[in-house]
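# just a sequence and a predicted model for now, questions to come.
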Amino acid sequence: MPRRELDWKSRHKWARITVKENMSSDVVSVDMEACLMDIAKLMRDQDVGCVPVKENGKVIGMITDRDITCRVTASGRDPGTTTAKTIMTSDVSCCFEDDLLFKAAEVMAEKQVRRLPVLNRNEELVGLLTVDDLAWHTDHLLLGTVIQSVYEAHE
């Protein structure tokens, strides 16, 4: 897929804003060997819709509430024995906390994702950038471009 440039009139407003200024920093993550029952409880208790999966401190995947529903429950798998590594999405795009916000938004649009794990330069997980964060901290033109790209993937 070709790199998708964001096209919004107020791009100059976001030229100096970093991901760190807009991300959620209270992100929770799970180990790749964690069972889905525990992950689902964690997601419920933390009121989150996704969790990054880590191995040796590095992000290697992502699990969403929809993954659990479709890949475990609807498939008749046992959530007590199914592990994160067996259902996670492993092709995960990330961004860095010091990246410019509009560049991270371009990655979200290009990869057609609603969430990006945020790493520091040591590649440690430090946050999560979501379309909700964009909705709270940017304008409708930036948000609209990202959301349009995400939903084009599901048509």
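Arrived safely.
# excluding sequence neighbours, find me the nearest residue to the residue sitting nearest the centre point of the chain.
When the chain is reduced to its mean C-alpha position, the closest residue under C-alpha atoms, centre = their mean turns out to be residue 115, at 2.4 Å. Once flanking residues are discounted, residue 115 sits nearest to residue 130: 4.9 Å by C-beta to C-beta, 6 or more residues apart in numbering. C-betas here are computed from N, CA, C, even on glycine.
# next one: phi and psi at the residue nearest to the centre of the chain?
phi -140, psi 140 (degrees, to the nearest 10).
# isn't it up against residue 128?
Yes - the criterion here is C-beta atoms under 8 Å, and residue 115 meets it with residue 128 at 6.0 Å.
# please, where are all the helices along the protein?
Per DSSP state H, the chain carries helices over the ranges 36-46, 65-67, 84-87, 101-111, 131-137, 140-152.
# list the buried residues in the second one.
To tie it back to what came earlier, the one meant is helix 65-67. residue 67 (16 or more other C-beta atoms under 10 Å).
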